[in-house]
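*Asks:* Everything below, folded, please.
(chains A and B)
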Amino acid sequence: MPDNYFAGYLPILIHIVLVGGLATVIISLSWLIGERKPTRAKMAPYESGMAPVGDARGRFSVQFYLVAMLFILFDVEAVFLYPWAVILRDLGHFGLWEMLVYIAIVLVGFFYVWKKGVLEWGPAAVRSQAASGLRINLRDVQSGVQVDVRFNDQRGGS
Amino acid sequence: MPLPLSIFILVSVIKSAIVLGVLLTAVAYTVWLERKVVGHMQNRWGPTRVGPFGLLQPAADGIKFLFKEDLTPPHVYKPLFIAAPMMALIFALTSISVIPFGNSFTFGPFSVPQFLPFHYEMPFHWGGAVIGPYSIPFQITDVNIGLLMILGVTSMGVYGVALAGWSSNNKYSLLGGLRASAQMVSYEIALGLSLVGVLIQSGSFSLRAIVDAQGGHFWGFIPRWNIFHWQFIGFFIYLMAAYAETNRIPFDLPEAETELVAGYHTEYSAMKFAMFFMAEYTNMITVGCVATLLFFGGWHGPLFGPPLVQALLPVFWFAAKIFCFLFLYIWVRGTLPRFRYDQLMSFGWKFLLPLAIANLVATAIFVAW
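*Replies:* Below is the predicted model of the structure:
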């Protein structure tokens, strides 16, 4: 291997180029070889034989957004932990206590999220969110009804 | 002796080609193995017709996929619809590039005649040139952030799934894609945190260094693998999170046939469908590789016999351990039913994540004390 710091990454680049070429070849071969006999039914969205109603560009549950946001928070936390973990032996007690404080702060946030009911799905979600004051009715969001944000309204319960 | 750049690139291309060939063959035969093993578990035979024991079934499947109608329905968003399976496959196949399979093998010194173009870097010897001896590791490249690279590349795989679900413009696909992305990002946190314990113990991101740190034995007979070295809980968190990451039973809600037809790849046909399949099985193998490297001592195992056998045995042990993981995958698939979605989410967030944090804190206290 040539004595260059980036030389170690060159094979990865070569590998990605090879893999990309492979994926392109597979897709083009399939496009070239496969025969095509389109019919109207074949071209319709597959809905298990039912005639499709509307398309898929509707609203979906706000829970998925919440999970995505939480993922970013906790993944950044994990990324913080990695370099610390590798040099923990050198840092010793000081590094350990610093990181324990950090993890404790993260855990406070985690339990807040837990108690708010963000991690609940299914029937428990509606109940706990109605109780904890997160008042967007998820079922309405799923069915595409106008989202109404309710204040002090008990209709959220099931 | 360092390799000259031209040979270095040539060697990289050859290594990548060999690794890809072996990997894709392994993927094809993992599908065969799964069908066969699950078949026997369900008191069936599995594939038997194509070749002996159905061994040519993967080839037959591949040919059939090529000749199937490559349908691009008019309601999809075409650029992403085509890009999604490519992304899934490319990211799945890329992560193998930093995985080591064994120590290294040494070749040379060879004498080469004068006319080869790279003679100017060679020491002269009897009028011709001498190459080597070169030591080539059983790995495409050894970067010192290997583990980070794998985590980064595998987490890109979620793009293929999410974009496939969205661009198909089909309700089943959309729901499958959403479920898959939420599930994959949720379990990725537990997966990432479960590896921190190993990182604390070995003090390196380099997969080769992590494996080297696991050589030797406790009391002369228990191998010094990380799973026997306090990372027992870490391994099980990793295993469960990895099943969820690869969308396997019992975490295969993104493609729950009874609810979502086929999930995010409902609208895909021919090779595009096969590419999702290949990506999924490649990810299974990658996950098995990482588990072997981090928790099961990589290629460490008993060595015996003549030098050539000793050079190849580590690769054999590595492959054998991965095979055990793949078999475990299939065994679990043949045994367990599927989770419900709220169970899946609460298992990931409320059980695995706190357990992973507890595991890493315990390891940190144990090591730094």
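
*Asks:* what about the helices in chain A?
*Replies:* In chain A, the helices defined using DSSP state H lie at A:10-33, A:40-43, A:63-86, A:88-116, A:123-132, A:138-142.

*Asks:* residue ranges with poor pLDDT in chain B?
*Replies:* Low-confidence segments of chain B, defined by pLDDT under 70: B:1-3, B:107-134, B:254, B:256-258.

*Asks:* Then chain A?
*Replies:* A:1-3, A:124-158.

*Asks:* Quickly list the domain ranges of it.
*Replies:* Listed by automatic domain parsing, the domain ranges of chain A are A:5-36, A:63-156.

*Asks:* Could I get those domains in TSV, plus columns for distance to chain B and mean neighbour count?
*Replies:* (C-beta placed from N, C-alpha, C; glycine too.) Shown next, in TSV, are the domains of chain A (distance: least, C-beta to the nearest C-beta, whole Å; neighbours: other C-beta atoms under 10 Å in any protein chain shown):
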stretch	distance to chain B	mean neighbour count
domain A:5-36	3	16
domain A:63-156	3	15
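
*Asks:* Does chain A have contacts with the helix or strand containing B:Val361?
*Replies:* Here B:Val361, judged by DSSP states H and E, is contained in helix B:353-368. Yes: residues of helix B:353-368 contacting chain A under C-beta under 8 Å from any C-beta of the partner chain: B:Leu353, B:Pro354, B:Ile357, B:Leu360, B:Val361, B:Ala364, B:Ile365, B:Val367, B:Ala368.

*Asks:* same deal with stretch B:91-105?
*Replies:* Yes: shown here: stretch B:91-105 in contact with chain A (C-beta under 8 Å from any C-beta) through B:Leu93, B:Thr94, B:Ile96, B:Ser97, B:Val98.

*Asks:* got a list of what the first one touches?
*Replies:* By C-beta atoms under 8 Å, 6 or more residues apart in numbering or on different chains, the contact set of B:Leu93 is A:Val19, A:Leu22, B:Leu20, B:Leu23, B:Ala279, B:Thr282.

*Asks:* can you do 10 Å?
*Replies:* A:15-16, A:18-20, A:22-23, B:16, B:19-20, B:23-24, B:27, B:153, B:278-279, B:282-283, B:286 (C-beta atoms under 10 Å, 6 or more residues apart in numbering or on different chains).

*Asks:* Repeat that for the third one.
*Replies:* Residues counted as contacts of B:Ile96 (C-beta under 10 Å, 6+ apart) are A:15, A:19, B:16, B:19-20, B:22-23, B:139-140, B:150, B:153, B:282, B:285-286, B:289.

*Asks:* Around chain A, which positions in the stretch 251-369 of chain B sit nearby?
*Replies:* Contact residues (C-beta under 10 Å from any C-beta of the partner chain) of the stretch 251-369 of chain B with chain A: B:261-262, B:266-267, B:269-275, B:278-279, B:340-346, B:348-350, B:353-354, B:356-358, B:360-361, B:363-365, B:367-369.

*Asks:* about what we covered before: CSV for the residues of helix B:353-368 next to chain A, including neighbour count?
*Replies:* Formatted as CSV, these follow (neighbours: other C-beta atoms under 10 Å in any protein chain shown):
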residue, neighbour count
B:Leu353, 24
B:Pro354, 16
B:Ile357, 23
B:Leu360, 26
B:Val361, 18
B:Ala364, 23
B:Ile365, 11
B:Val367, 17
B:Ala368, 19
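
*Asks:* Looking at those residues, which one is closest to A:Pro45?
*Replies:* B:Leu353 (36.5 Å; C-beta to C-beta).

*Asks:* about what we covered before: just the closest of the residues of stretch B:91-105 next to chain A to B:Leu195, please.
*Replies:* B:Val98 (14.5 Å).

*Asks:* thinking that closest one is in contact with A:Ile12, fair?
*Replies:* Yes: look at B:Val98 against A:Ile12 with C-beta atoms under 10 Å: they come within range, at 7.0 Å.

*Asks:* Are there residues contacting both of those two? Which ones?
*Replies:* In contact with both B:Val98 and A:Ile12: B:Ile140, B:Thr141, B:Val143, B:Met149, B:Val153, using C-beta under 10 Å, 6+ apart.

*Asks:* In helices, which of those residues fall?
*Replies:* B:Met149, B:Val153.

*Asks:* Contacting chain A as well, which ones from the shared contacts of B:Val98 and A:Ile12?
*Replies:* B:Ile140, B:Thr141, B:Val143, B:Met149, B:Val153.

*Asks:* most centrally placed residue in the chain?
*Replies:* Going with chain A. A:Ala68 (4.4 Å; C-alpha atoms, centre = their mean).

*Asks:* Oops, wrong one, chain B.
*Replies:* In chain B, the residue lying closest to the centroid (C-alpha atoms, centre = their mean) is B:Thr286, at 0.7 Å.
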